[in-house]
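Asks: give me a 3D structure for the following:
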Amino acid sequence: MLLVFFPSISFSAGSWIDVRDGYETAYNRHELSFRGGYNFDNTAGIMFTSAYNLEAMNQFDYSWRELEGWYPLVNYNKFWVTGGALFNGNTDGSGGAGYFDFKSMLREDLTVTLRTRYNYRNYDSDNIYSRRKPANTLESHLGVSYNINNDWNYYFEPAYFKHLNNFRSANNKSYHIEVDNMLTYLGFKHIQPSIELAYLDRSAQRNRNNYRIRVGLRYNF
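Replies: Reported below is the predicted structural model:
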C-alpha cells in the first residue's frame, strides 16, 4: 500500500506528480506507482494513482487505480478535520472508501493526524468459510510528522487493519498491523526525494515477516 495520507511537510497549493517503487521482502516483488494531484488554497485536494506489480522485476502487471478527493470540514486554532472519499479498481472489480482525518499541530515542527477509514468492495470473494462476501476492512492510522530542520522531514505512521466478513489477512488473522517510516528531503525548490522503510506484518504463506523498502520522487509545479 501507499501511505494513507501525506506527511504534513509544508502545504502549498498547486499541481504535483510523483513516482514510487517499493520492494516487499517476503514476496520478492516490486510495486511501481504513479500519482498526480492538485491542492487547492483551502487545503482541499484531488489525486489519481495508477500502480503496477513487477514480480521479481521480470513481469509487469496492472495492479490497481484510484481516484481520491478530500475537503476541509473544520479549521480551528491549529486543529483540522478533513473528510475524504476514494474510488478504486483492480483486476477483480471496483470499490471505494470514506475517511475522516483529525489533525493537530502540537508545535511548529510537529503535527499529529488520526485517520479512521472504511473500505468497501463492490464484488464478492470467498471468505474462510467459502462464502461469497465483500472483503471490507476498517483502518485506523496515526501519522506523526516532524520537521527535523528546513531540509528534512521524518514521518512515522503505525496502522491497524480489521478485516470484516470472516476474511483473513496475509498473517492468517482477522487483523494486521503496518508501521511505516519515511524520510523526505526538502532542500530543493520543486523536487522532493524520499525513502521509506515499513513493517507489513507477517506472511503466513512465506512464514516470514514482510518488510517494504520504497524510494520516491515528487515534483511540485
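Asks: the helix or strand bottoming out on mean pLDDT in the chain pairs with which strands, parallel or anti?
Replies: Of all helical and strand segments in the chain, the minimum by mean pLDDT, DSSP states H and E falls on strand 60-76, at a mean of 88. Sheet pairing of strand 60-76 (DSSP bridges) gives strand 45-55 (antiparallel), strand 79-90 (antiparallel).
Asks: quick check: pLDDT value at P7.
Replies: Here, the pLDDT recorded for P7 equals 47.
Asks: report the distance from stretch 35-48 to the chain centre.
Replies: Counting by C-alpha atoms, centre = their mean, to the nearest Å, stretch 35-48 is centred 15 Å from the centre of its parent chain.
Asks: start to end distance for it?
Replies: 6 Å (C-alpha to C-alpha, to the nearest Å).
Asks: where exactly do the strands run in this structure?
Replies: Assigned by DSSP state E, the strands in the chain fall at 14-24, 29-39, 45-55, 60-76, 79-90, 94-107, 110-121, 125-126, 132-133, 137-147, 152-163, 175-185, 191-203, 208-220.
Asks: closest to S169 out of the ones you listed?
Replies: Comparing those against S169 with C-beta to C-beta, the closest turns out to be strand 175-185 (3.9 Å). No exception for glycine: its C-beta is placed from N, CA and C like everyone else's.
Asks: any idea of the angle the closest one forms with strand 137-147?
Replies: 30 degrees (axes from the mean of the first three to the mean of the last three C-alpha atoms, to 10 degrees).
Asks: buried set for stretch 164-174?
Replies: The neighbour-count check on stretch 164-174 (16 or more other C-beta atoms under 10 Å) flags 164-165, 167, 169-171 as buried.
Asks: average model confidence for stretch 184-193?
Replies: pLDDT averaged over stretch 184-193 gives 95.
Asks: for it, buried residues please.
Replies: Neighbour-count burial for stretch 184-193 [16+ other C-beta under 10 Å]: 184, 186, 192.
Asks: same question for stretch 128-146.
Replies: 134-137, 139, 141, 143-146.
Asks: pull the number of nearby residues for E31.
Replies: 19 (other C-beta atoms under 10 Å).
Asks: going forward, count from 409.
Replies: Noted, 409 is the first residue going forward, which turns the last one into E439.
Asks: spit out the contact partners of the residue lying closest to it once chain neighbours are set aside.
Replies: Using C-beta to C-beta, 6 or more residues apart in numbering and skipping the chain neighbours, the partner closest in space to E439 is G430 (5.0 Å). G430 makes contacts with 438-439, 441, 604, 620-622, as judged by C-beta atoms under 8 Å, 6 or more residues apart in numbering.
Asks: export these to CSV and tack on distance to Y531 and pLDDT?
Replies: Converted to CSV, the contacts of G430 look like this (distance: C-beta to C-beta, whole Å; pLDDT from 0 to 100):
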residue, distance to Y531, pLDDT
H438, 26, 90
E439, 21, 91
S441, 22, 94
E604, 30, 98
R620, 26, 97
I621, 31, 97
R622, 28, 97
